[in-house]
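Visitor: need the 3D shape of this:
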Amino acid sequence: MKKVVFKWIRGFIKLMIGFVHFPSVKMTSQEAETEISKIYDKKALFNEMDIQNLEVDEKIDLSIIIPVYNVQKFLKKCLDSIVEQETKYRFEVITVNDGSTDQSIKILKDYEEKYDFIKVIDQENGGAAKARNNGINNARGRYISFIDSDDFVDKLFIETMLERAFKNDLDIAMCSYYEYDFENEKVLCEKRRKGICIKGKLGDEILKLKGYNCMKIFKKELWKEIRQPEGYWYEDCMIRIILLRMCSSFEYIDIPLYYYTVHKSSISRDKDNKKKLKTLDHLFLLQELLKLSEKLNLSNDKETLYKIILYELGPVLWLRTRKLEPKMKKEVFILACDIMEKYKMKVVVDFENKYLEKAFERRDYHLWKLVNLYIMLGVKSENE
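Guide: You can find the predicted model right below:
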């Protein structure tokens with residue numbers, strides 16, 4: 001029944017998109033920039049001075065990095081899943097306690113004392129990205145993997161991922177995963193897709209891949225000059241815009257080896273004005289990542305990058321900033337138009353992206369909203 005309703009609504013929206021012409025926003029880029037700067041402080045992605053690269057220890061095949069913050073409820077299950085790995089490969093576990101105030105640090109110390117391959121780093125609270133960066137600085141393995149401390153992995157996670165990585169000399173390997181209900185101890189669903197192995201640049205295949213930090217292993221040298229964005233929400237965005245575009249050998253392994261814990265969304269998050277303003281991170285993080293992309297000279301896939309930007313400044317930006325005040329949403333849209341103008345290309349032909357392009361070209365805020373609503377209703381219909 002819901003699918004029928006979504007289809008009907010999408011049909012009506014499609015008619016509006018095709019026939020109704022909305023006026024452009026009467027606001028200059030400078031005005032938008034000035035207003036946003038009053039409530040949002042821009043920041044660098046990371047401090048290059050903090051980057052340290054330890055020599056790879058050929059005796060360590062994988063460094064697993066786990067940022068930890070107030071997760072005493074989940075932590076043992078996560079650590080046990082790693083301790084119980086069935087593998088011939090050698091690995092180290094770097095846990096980074098990010099200023100936890102519960103019993104997490106005690107649990108970590110107990111495991112460190114019991115297992116010589118587990119190391120605990122204690123830092124002041126600085127966020128998950130800073131904790132991961134601290135872990136990268138201390139990693140000695142040939143490959144690096146990130147596991148969230150409220151998630152856990154299959155007993156063959158390391159064996160399967162490294163087997164493929166070494167066999168095919170991969171820069172990045174990624175696996176399918178389960179969504180998991182921790183409270184009721186049950187798998188909610190499998191998230192799978194057809195397995196692929198690509199030698200060379202990934203191109204548009206990037207658009208089909210999840211940009212999460214987890215469920216992947218990375219060749220350590222990919223992180224030589226970069227680190228994760230600190231102080232931002234949505235830092236996983238870096239995986240798609242930088243890491244996957246740096247990659248020249250990739251494999252997607254269609255075996256669910258990772259258990260991703262699904263939490264109930266917090267009502268207070270939507271009501272907290274400071275947290276609403278943090279959604280602006282998506283726009284400014286994208287700006288900084290594009291600068292980093294240019295600095296790293298990642299310029300041989302301009303069409304793919306354009307499609308990524310169109311997606312990130314289309315439905316993703318619309319969805320993440322939808323709780324902002326109407327005037328602020330228009331300011332965000334104008335700044336998004338500026339980014340699109342810089343990277344503009346004519347490479348898309350499908351209906352929604354064609355009209356997304358038109359919305360940015362005309363600076364037509366209402367068309368942008370309609371097209372994004374049309375796209376997201378399609379996604380929601382597919383998931384029903």
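Visitor: quick check, D181 in contact with V262.
Guide: Yes: using C-beta atoms under 8 Å, D181 makes contact with V262 at a distance of 6.3 Å. Backbone N, C-alpha and C define where each C-beta goes, glycine included.
Visitor: lowest-pLDDT helix or strand in the chain?
Guide: helix 267-271 (a mean of 41; mean pLDDT, DSSP states H and E).
Visitor: how near is the closest residue to M340 other than its chain neighbours to L156?
Guide: Excluding its sequence neighbours, the residue lying closest to M340 (C-beta to C-beta, 6 or more residues apart in numbering) is F360, at 4.1 Å. To L156, F360 is 45 Å away according to C-beta to C-beta, to the nearest Å.
Visitor: these two: which has the busier surroundings?
Guide: Between F360 and L156, F360 has the larger neighbour count (other C-beta atoms under 10 Å), namely 22 against 14.
Visitor: just how off-centre is the helix or strand where that one lies within its chain?
Guide: Using DSSP states H and E, F360 sits in helix 351-362. Here the centre of helix 351-362 is set off from its chain's centre by 25 Å, with C-alpha atoms, centre = their mean, to the nearest Å.
Visitor: counting contacts, what elements does the helix or strand following it pack onto?
Guide: Sequence order places helix 365-383 as the next helix or strand after helix 351-362, per DSSP H and E. Here helix 365-383 touches helix 2-19, helix 317-320, helix 326-342, helix 351-362, going by 3 or more C-beta pairs under 8 Å, 6 or more residues apart in numbering; DSSP states H and E.
Visitor: how much space separates the closest residue to K76 other than its chain neighbours from C78?
Guide: Of all residues beyond its chain neighbours, the one nearest K76 is I107 (6.3 Å), with distances taken as C-beta to C-beta, 6+ apart. To C78, I107 is 10 Å away according to C-beta to C-beta.
Visitor: where along the stretch 51-200 of the chain do the helices fall?
Guide: All helices of the stretch 51-200 of the chain, identified by DSSP state H, counting those that start in this stretch, fall at 72-83, 104-114, 128-137, 157-168.
Visitor: nearest to R10, of these?
Guide: helix 128-137 (36.2 Å; C-beta to C-beta).
Visitor: list the pairing partners of the longest strand seen in the chain within its sheet, with orientation.
Guide: Of all the segments of type strand in the chain, defined by DSSP state E, the longest one is strand 249-261. Applying DSSP bridges, strand 249-261 is found paired with strand 152-153 (antiparallel), strand 172-181 (parallel), strand 196-199 (antiparallel).
Visitor: and the helix holding F360, what does it pack onto?
Guide: helix 2-19, helix 302-311, helix 326-342, helix 365-383.
Visitor: one more pass at 7 Å, please.
Guide: helix 365-383 (3 or more C-beta pairs under 7 Å, 6 or more residues apart in numbering; DSSP states H and E).
Visitor: who's in contact with the helix it packs on?
Guide: 3, 6-7, 9-10, 13-14, 16-17, 22, 25, 314-315, 318-319, 330, 333, 352, 355-356, 358-359 (C-beta atoms under 7 Å, 6 or more residues apart in numbering).
Visitor: what about 6 Å?
Guide: Here helix 365-383 makes contact (C-beta atoms under 6 Å, 6 or more residues apart in numbering) with 3, 6, 10, 13, 17, 22, 25, 314-315, 318, 330, 333, 352, 355-356, 359.
Visitor: what do you get for stretch 220-227?
Guide: With C-beta under 6 Å, 6+ apart, stretch 220-227 has contacts from F46, I51, N53, N133, I136, I144, M246.
Visitor: buried among these? Need that as a selection in PyMOL.
Guide: Remark: buried members of the contacts of stretch 220-227, expressed as a PyMOL selection using 16 or more other C-beta atoms under 10 Å:
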select buried, resi 46+133+136+144+246
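Visitor: make sure the residue nearest to K76 is actually in contact with K77.
Guide: No: contact between I107 and K77 fails when scored by C-beta atoms under 6 Å: they sit 10.9 Å apart.
Visitor: who's more crowded, those two?
Guide: I107 (22 against 18).
Visitor: so the more buried one versus L79, what's the distance?
Guide: Applying C-beta to C-beta to I107 and L79 gives a distance of 8 Å.
Visitor: kindly report the same for C197.
Guide: 31 Å.
Visitor: higher neighbour count, the two?
Guide: Higher neighbour count among C197 and L79: L79, with 24 against 14, using other C-beta under 10 Å.
Visitor: quick check: which ranges of this structure have low pLDDT?
Guide: 1-3, 6, 264-273, 348, 380-384 (pLDDT under 70).
Visitor: ok, now with 90
Guide: Residue ranges of the chain with pLDDT under 90: 1-26, 210-211, 263-277, 299-301, 344-353, 376-384.
Visitor: so it: which segments form each domain?
Guide: The chain breaks down into these domains under automatic domain parsing: 2-40+280-383, 57-261.
Visitor: hmm, back to that, list the contacts of the helix holding F360.
Guide: I17, S24, L310, G314, C337, M340, L367, W368, V371, I375.
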